[in-house]
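Undergrad: Generate coordinates for the sequence data below:
(4 chains)
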Protein chains: 2
Amino acid sequence: MSNLKQLAQSLGLSITTVSRALDGYSDVSAKTKARVLEAAAKTGYQPNVAARRLRRQRAELVAVTLPTAPGHIGPPHFLDILSACAEHLALSGLNLVIAPVPRGQSELEMCQRFVDGQRVDAMLLVRTKRNDERVELLQSRGIPFVTLGRTESAKPHAFLDGDGFAGFRDATLRFIADGHIHIGHVAGPQAFSFAHHRRMGWEAALGQTGLSSALLAEGDPTEQGGYAAAKTLMSGSVKPTAILCATDEMAVGTLRALREIASGNTVSIIGHDDLPMSAFTDPPLSTMRVTGDDIGVRIASLLLRAIDGEAPEALQEIHPVEFLPRASHRRSQRLAANDAGVQADE
Amino acid sequence: MSNLKQLAQSLGLSITTVSRALDGYSDVSAKTKARVLEAAAKTGYQPNVAARRLRRQRAELVAVTLPTAPGHIGPPHFLDILSACAEHLALSGLNLVIAPVPRGQSELEMCQRFVDGQRVDAMLLVRTKRNDERVELLQSRGIPFVTLGRTESAKPHAFLDGDGFAGFRDATLRFIADGHIHIGHVAGPQAFSFAHHRRMGWEAALGQTGLSSALLAEGDPTEQGGYAAAKTLMSGSVKPTAILCATDEMAVGTLRALREIASGNTVSIIGHDDLPMSAFTDPPLSTMRVTGDDIGVRIASLLLRAIDGEAPEALQEIHPVEFLPRASHRRSQRLAANDAGVQADE
DNA sequence: GTTGACTTCCAAAACGTTTCGGAAAACTAT
DNA sequence: ATAGTTTTCCGAAACGTTTTGGAAGTCAAC
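TA: Numbers count the residues shown, from 1 in each chain, chains lettered A, B, ... in the order given. Next up is the predicted model:
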């Protein structure tokens, strides 16, 4: 409500001086500066952001569009990341806004409105696809942006990603070391970058050890999708004794599918994401997570550097994935130990 | 990049006329209007939102601050609601932004910046407390707002709420009808409006049937909180045979706690929220949900009416809660039927 | 007491839009 | 032809801030 003019009038100063005092310029005496600051604090003056943005030609805003699949919004852990990111951006005076995409609208249109209306200084893209039209749009507009997850774009862009390939490869090798021969994969939609990399990791491990990668089923990255995929996986003639799930949510669905199947409870499972609920499933879900508890902060810093004009090539981070052993990755082992005397090594 | 002035110049028209043509005023001829619209579409003109906001004195924005408890952000189902809400608001040209609250900052400060900086036309408050300082702030500023969940504020305000009281009362009566005597409650922090109402419903049912309401344990509204609360509940001298959990997440924690306890698997459980994962627990979680699959749309409509200046008293909705029976609410029953020949009536 | 340097302040322009109050042109009715 | 009405357009002001380019005032040095 209160604006600069009123504040200036009440102090007997010009608008200019008050503005410069608040912004900490050096050409205003310490005394008046103190006077201005005090008055501003007392009246609770807050600059009108529309006016400031108009003049500064900066939105002071970073947006992330949140894809909302029908009945199922993106993974909960996005929000933890975004929250940390917002926190860090705020230190530089930037606000992070999360814009849910209305059903009628495409994520692309959403991005378009953001960048062409000059509403944002930068964008963050999540749920990145291998060929993502949003990336092309943003590149053509020259807007700074960072994606959570690599793409196969020819032109380099800033991104942060977990090394899902290595994570799933190593997890598969772990299963192999445990004596598994039939190792299945409940995969996410391959258009998604993360889903593809995870699947390729699984395939790579099988390939390098000469095992079959036939036990593959794809589904939506939800509990329901995991449930359905696991069902088809377990209905084939050769059944997996271990399953890698692309996400924890799919793993939860897989667990339920196995519960409904005779001897399903001997199948070992590993997920990915380390959702809060994963520690509470039955059995507790062995899973993976991207290392570093500051992913959100890293993203924020990438965004800031992108806004500062740093080259995209310099703004690419791939973080290792760590394995979190709980109970679900050793289910057949326990039985195998009973049946055949195989010894656990951990 | 392109602005009204350029567009007008290229058409040989005045800024005024172009502006009015785009806004669909009647005092511009059909022919020029078509010409303007075409040119705007071709150049991809998007009005500069900062300028428009400054002039219109409207932010075209509704904000919701998302509380992010350390390590655990608000319930996932908020997002489904918010997404539907955003969708509906978009129809009226309003954008919904979700602002995560940085750790260093209080939700109140966040609200303050939003309203005093004239960044928003209205606010949506979630995770409402019984005595919520955000409500007071917004009331004092005269900003339209809607809360998700009632408060005990003396001055009426717009809200939408589920009838948690009736839901938990009825669920408790259901347990009583099933023959339970010792019915526990894993409660959420009582400062939260929803947690309090649910607890009062549980107490009311016990009170009206003369049963004890001693089996109460409170915890954070998370899996971990439910786990801890259930543990203390089951460690008393008299143990519950049925437990109502304030949220599904707490129910998931409770399930795990029971799993670790001898004969814990005979304890019946009911949760609330109908999270996607609830259908996939073991046993599948019986739960409750606020009726109507358009809560988000209802909220949006309340917000629009609040912005239009309708009186808060007219903007209060309490929606009934429906019970979703799955397996977890009849665990002891099955055993009891074996043990004592009690017959299930459903 | 004039010069130059420094400090402290300010008027005015600009950002891109919307909107008020007309003005010119084109009809209509007399 | 003239007055009145309607249609179609536009100039200029405003929204609240930041920033440019000085203008006064002060002080020290000669």
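Undergrad: same question for the helix or strand that A:Arg20 is a member of, mean pLDDT?
TA: Secondary structure assigned from DSSP states H and E places A:Arg20 in helix A:15-22. Per-region confidence: helix A:15-22 scores 95 on mean pLDDT.
Undergrad: right, and the helix or strand after it?
TA: Using DSSP H and E, the first helix or strand after helix A:15-22 is helix A:30-43.
Undergrad: Give the buried residues for the helix holding A:Arg20.
TA: Of the residues in helix A:15-22, A:17-22 count as buried by neighbour count, 16 or more other C-beta atoms under 10 Å in any protein chain shown. (C-beta placed from N, C-alpha, C; glycine too.)
Undergrad: same thing with stretch A:137-151?
TA: A:137-139, A:143-151.
Undergrad: can you check stretch A:177-197 too?
TA: In stretch A:177-197, counting by 16+ other C-beta under 10 Å, buried: A:178, A:180, A:182-188, A:192-197.
Undergrad: picking that back up, ok, and which of the buried residues of helix A:15-22 reach DNA strand D?
TA: Among those, the residues that sit close to DNA strand D (C-beta under 7 Å from any atom of the strand) are A:19-20, A:22.
Undergrad: Give me the distance between A:Ser332 and A:Ala279.
TA: Between A:Ser332 and A:Ala279 the distance is 21 Å, computed by C-beta to C-beta, to the nearest Å.
Undergrad: about what we covered before: quickly name whichever of the buried residues of stretch A:177-197 is closest to A:Glu260.
TA: The closest of those to A:Glu260 turns out to be A:Val186 (C-beta to C-beta; 15.1 Å).
Undergrad: can you give me the strands for chain A?
TA: Taking DSSP state E to define them, one finds strands in chain A at A:61-66, A:68-69, A:72-73, A:95-100, A:122-125, A:145-148, A:158-162, A:183-187, A:216-218, A:242-245, A:268-270, A:287-290, A:316-319, A:321-324.
Undergrad: quick one: the fourth one to chain centroid distance?
TA: Centroid separation between strand A:95-100 and its chain, computed with C-alpha atoms, centre = their mean, to the nearest Å, is 14 Å.
Undergrad: Show residues contacting that strand.
TA: For strand A:95-100, contacts defined as C-beta atoms under 8 Å, 6 or more residues apart in numbering or on different chains pick out A:60-66, A:68, A:73, A:82, A:85-86, A:89-90, A:110, A:114, A:124, B:66, B:79, B:82-83, B:86-87, B:95-100.
Undergrad: For that strand, what does the pLDDT average out to?
TA: Rounded mean pLDDT across strand A:95-100 is 82.
Undergrad: quick one: it to strand B:61-66, angle?
TA: Calculated by axes from the mean of the first three to the mean of the last three C-alpha atoms, to 10 degrees, strand A:95-100 forms an angle of 100 degrees with strand B:61-66.
Undergrad: Around DNA strand C, which positions in chain A sit nearby?
TA: A:12-17, A:20, A:27-32, A:51, A:54-55, A:57.
Undergrad: Contacts only, for the residue in the stretch 101-250 of chain A positioned nearest to DNA strand C.
TA: Per C-beta to the nearest atom of the strand, A:Gln118 is where the stretch 101-250 of chain A lies closest to DNA strand C, at 7.8 Å. Taking C-beta under 8 Å, 6+ apart as the criterion, A:Gln118 is in contact with A:57, A:59, B:1, B:46, B:48-50.
Undergrad: Please repeat the previous calculation with a cut-off of 10 Å.
TA: A:Gln118 is in contact with A:53-54, A:57-59, A:61, A:143, B:1, B:3, B:46-51, counting by C-beta atoms under 10 Å, 6 or more residues apart in numbering or on different chains.
Undergrad: re the thing from before, return only those of the residues of chain A next to DNA strand C found close to chain B.
TA: Among the residues of chain A next to DNA strand C, the residues within reach of chain B (C-beta under 10 Å from any C-beta of the partner chain) are A:51, A:54-55, A:57.
Undergrad: any chance of these in a markdown table, with pLDDT too?
TA: Below are those laid out as a markdown table (pLDDT from 0 to 100):
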| residue | pLDDT |
| --- | --- |
| A:Ala51 | 95 |
| A:Leu54 | 95 |
| A:Arg55 | 95 |
| A:Gln57 | 92 |
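Undergrad: among the residues you listed, which are in helices?
TA: With DSSP state H as the criterion, helices contain A:51, A:54-55 from among these.
Undergrad: measure the residue nearest to A:Ala300 when sequence neighbours are not counted to B:Arg113 for me?
TA: Beyond its immediate neighbours in the sequence, the residue positioned closest to A:Ala300 (C-beta to C-beta, 6 or more residues apart in numbering or on different chains) is A:His88, lying 3.5 Å away. Distance, A:His88 to B:Arg113, by C-beta to C-beta: 17 Å.
Undergrad: Show me which residues of stretch A:293-312 are buried.
TA: Buried-residue list, stretch A:293-312, by 16+ other C-beta under 10 Å: A:295-307, A:312.
Undergrad: Against A:Ser83, how distant is the residue of the stretch 201-346 of chain A found nearest DNA strand C?
TA: Residue nearest to DNA strand C within the stretch 201-346 of chain A: A:Ile307 (18.9 Å; C-beta to the nearest atom of the strand). Relative to A:Ser83, A:Ile307 is positioned 20 Å away (C-beta to C-beta).
Undergrad: what residues are up against A:Leu304?
TA: A:62, A:88-89, A:91-92, A:94, A:121-122, A:144, A:146, A:310.
Undergrad: can we see that at 8 Å?
TA: So A:Leu304 contacts A:89, A:92, A:94 (C-beta under 8 Å, 6+ apart).
Undergrad: Check A:Pro283 too.
TA: So A:Pro283 contacts A:326-328, A:331 (C-beta under 8 Å, 6+ apart).
Undergrad: Okay, helices next: where are they in chain A?
TA: With DSSP H as the criterion, chain A has helices spanning A:4-11, A:15-22, A:30-43, A:49-56, A:76-90, A:107-116, A:133-141, A:164-177, A:193-208, A:223-234, A:248-259, A:295-307, A:331-340.
Undergrad: Of those, flag the one that's most buried.
TA: Counting by mean count of other C-beta atoms under 10 Å in any protein chain shown, helix A:248-259 has the highest mean neighbour count of the helices of chain A, with a mean of 27.
Undergrad: Please tell me how far the residue positioned nearest the centre of chain A sits from A:Tyr227.
TA: Nearest to the geometric centre of chain A sits A:Phe78, at 4.7 Å (C-alpha atoms, centre = their mean). Distance of A:Phe78 to A:Tyr227, given as C-beta to C-beta: 22 Å.
Undergrad: Would you confirm that A:Leu216 contacts A:Gly188?
TA: No - between A:Leu216 and A:Gly188 there is no contact under C-beta atoms under 8 Å: 11.6 Å.
Undergrad: And for stretch A:101-109, what's in contact with it?
TA: Contacts of stretch A:101-109 (C-beta under 8 Å, 6+ apart): A:65-68, A:70, A:110, A:133-134, A:137, B:83, B:86-87, B:90.
Undergrad: Need the max-distance pair from the residues you listed.
TA: A:Pro70 and A:Leu137 (23.6 Å).
Undergrad: gap between the two ends of stretch A:317-325?
TA: 25 Å (C-alpha to C-alpha, to the nearest Å).
Undergrad: near chain B, which residues of the stretch 51-200 of chain A show up?
TA: Residues of the stretch 51-200 of chain A lying near chain B by C-beta under 8 Å from any C-beta of the partner chain: A:51, A:53-54, A:59, A:66, A:68, A:71-73, A:76, A:79-80, A:82-83, A:86-87, A:90, A:95-105, A:113, A:116-119.
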